[in-house]
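Asks: Structure of the sequence below:
(one chain, ligands or ions: 1)
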Amino acid sequence: MQQNKIKLYVIGDPIKHSLSPIMHNAALQKFKLDGTYQKKRVELKNLALFCQNIKSSNCMGFNITLPHKIDILPYLDQISLEALHIGAVNTVLIRNKKLLGFNTDGQGYLQSLLEQYPIDFPKIKILLLGAGGAARGLAYTFLENKVKELIIANRNLAKAESLKKDLLKIYPQAKIKTVILCSKELSPILKKIQLLVNATSIGLNGSEFENFPYNMISQDCIVSDIVYQPRFTPLLKAAKKRKLKIHTGEGMLAYQGALAFEIWTGIKAPGKFMHRALLKELRSK
Ligand code: NDP
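Replies: Residues are numbered from 1 along each chain as shown. The predicted model follows:
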């Protein structure tokens, strides 16, 4: 009996920039699966209709990128506990005409980081820059892994406070602090952390933080940026200059994609392979 052709999408608005088809189509080919993964621009006003129509199509599932990761929640039939806690969905599996939502961003980040550095979370303090959608996923993952202390720095302090409040509802024992991004309070924090993660949109297209005290980052700190265009953001360049360990953002994209691929196909997440496909594309640009 002939298998149905696999149909997968990534939806967002805008969507032109997405690199997801490169790695997913490479993975489909690697496992000799007959199918395609395509970009689809879906405007917010059409999101409900898209979700309704796709249920009865032959699509196996889809990824969701900016700006719909939160807006899609009401249109899903079932949401994983992790995605519910994070408050956003990046992967949908379609089964029996039902939409099942997952969030693989946090786990994808974690796998990519651990691929490069062995980290004992209960022993480390993390400074997370940002309190937006991506930062939420990372913060949840760090607390799930029992990080010793999490400090959230954001330009808008109220947003960091709101994230802290949400996290404490799930992890009442967690040690969480908040601070204004690039304030004077940042320097003493930078001296005592073992992982610094940028989850703000600063770095995108080479944009830089104003007054970030790069020289205060402790010598044993890993500096990680989830922004991947460019791959070496100004933050990572500053860290490299000081010979600190760095972690680039395309790894998270690759591993969250690999976990989504596993959810759709049942094939063990081909993270390393998808990472290589992505790196090849980024280097050719
Ligand atoms: P959001 O829009 O939800 O959040 C943006 C964050 O950036 C907020 O914390 C915001 O702070 C901060 N920010 C924006 N502009 C400035 C500024 N001028 N100065 C200081 N802080 C600023 O976006 P996401 O959380 O979804 O994504 C953030 C970035 O992460 C994206 O740009 C993307 O490049 C990257 N990303 C990478 C992924 C990967 O797989 N590697 C996956 C998802 C995202 P404030 O609250 O004060 O506005």
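
Asks: so Tyr37 bridges to which residues?
Replies: Beta-bridge pairing of Tyr37 under DSSP bridges involves Leu8.

Asks: That one and Ser18 touch, don't they?
Replies: No: assessed by CB atoms under 8 Å, Tyr37 is found out of contact with Ser18, at 10.1 Å. (Each C-beta comes from the backbone N, C-alpha and C, glycine too.)

Asks: Looking at these two, which is more packed in?
Replies: Tyr37 (26 against 19; other CB atoms under 10 Å).

Asks: Identify the residues contacting the residue in the stretch 101-250 of the chain positioned nearest to the ligand.
Replies: Per CB to the nearest ligand atom, Gly132 is where the stretch 101-250 of the chain lies closest to the ligand, at 1.9 Å. With contact set as CB atoms under 8 Å, 6 or more residues apart in numbering, Gly132 has these partners: Lys159, Ala199, Thr200, Ser201.

Asks: Now list the buried members of these.
Replies: Judged by neighbour count, with 16 or more other CB atoms under 10 Å as the criterion, the buried members of these are Lys159, Ala199, Thr200.

Asks: Name the nearest residue to the spatially most central residue of the chain, ignoring sequence neighbours.
Replies: The residue at the geometric middle of the chain, judged as the C-alpha nearest the mean C-alpha position with CA atoms, centre = their mean, is Asp105 (3.6 Å). With CB to CB, 6 or more residues apart in numbering as the measure, Gly137 is the residue that lies nearest to Asp105, at 4.1 Å, once sequence neighbours are left out.

Asks: Report pLDDT for the one you found.
Replies: Model confidence at Gly137, given as pLDDT, is 95.

Asks: longest single helix anywhere in the protein?
Replies: helix 250-265 (DSSP state H).

Asks: touching the ligand at all, that one?
Replies: Yes: judged by CB under 6 Å from any ligand atom, helix 250-265 comes into contact with the ligand at Met252, Leu253, Gln256.

Asks: which bits of this protein sit near the ligand?
Replies: Along the chain, the residues adjacent to the ligand under the rule CB under 6 Å from any ligand atom are 66, 105, 130-135, 154-156, 159, 181, 199-202, 204, 226-228, 249, 252-253, 256.

Asks: Can you flag the buried ones in the residues of helix 250-265 next to the ligand?
Replies: Among the residues of helix 250-265 next to the ligand, those classed as buried by neighbour count (16+ other CB under 10 Å) are Met252, Leu253, Gln256.

Asks: Next up, the contacts around the last one.
Replies: Residues touching Gln256, when contacts are defined by CB under 8 Å, 6+ apart, comprise Asn90, Thr91, Thr104, Asp105, Gln107, Gly108, Tyr109.

Asks: any chance you could map the helices in the stretch 1-150 of the chain?
Replies: Counting by DSSP state H, counting those that start in this stretch, one finds helices in the stretch 1-150 of the chain at the ranges 20-30, 47-55, 81-86, 105-116, 133-144.

Asks: now, of the ones you listed, which is deepest in the fold?
Replies: Burial of the helices of the stretch 1-150 of the chain is given as mean neighbour count (mean count of other CB atoms under 10 Å); helix 133-144 ranks first at a mean of 24.

Asks: What are the buried residues along stretch 142-151?
Replies: Counting neighbours by 16+ other CB under 10 Å, the buried set in stretch 142-151 is Phe142, Leu143, Glu144, Asn145, Val147, Glu149, Leu150, Ile151.

Asks: Name the residues that touch it?
Replies: So stretch 142-151 is in contact with 106, 110, 121-128, 139, 167, 170-171, 174-179, 189, 193, going by CB under 8 Å, 6+ apart.

Asks: And the contacts of Gln256, which is closest to Arg242?
Replies: Proximity of these to Arg242 (CB to CB) peaks at Tyr109, which lies at 22.9 Å.
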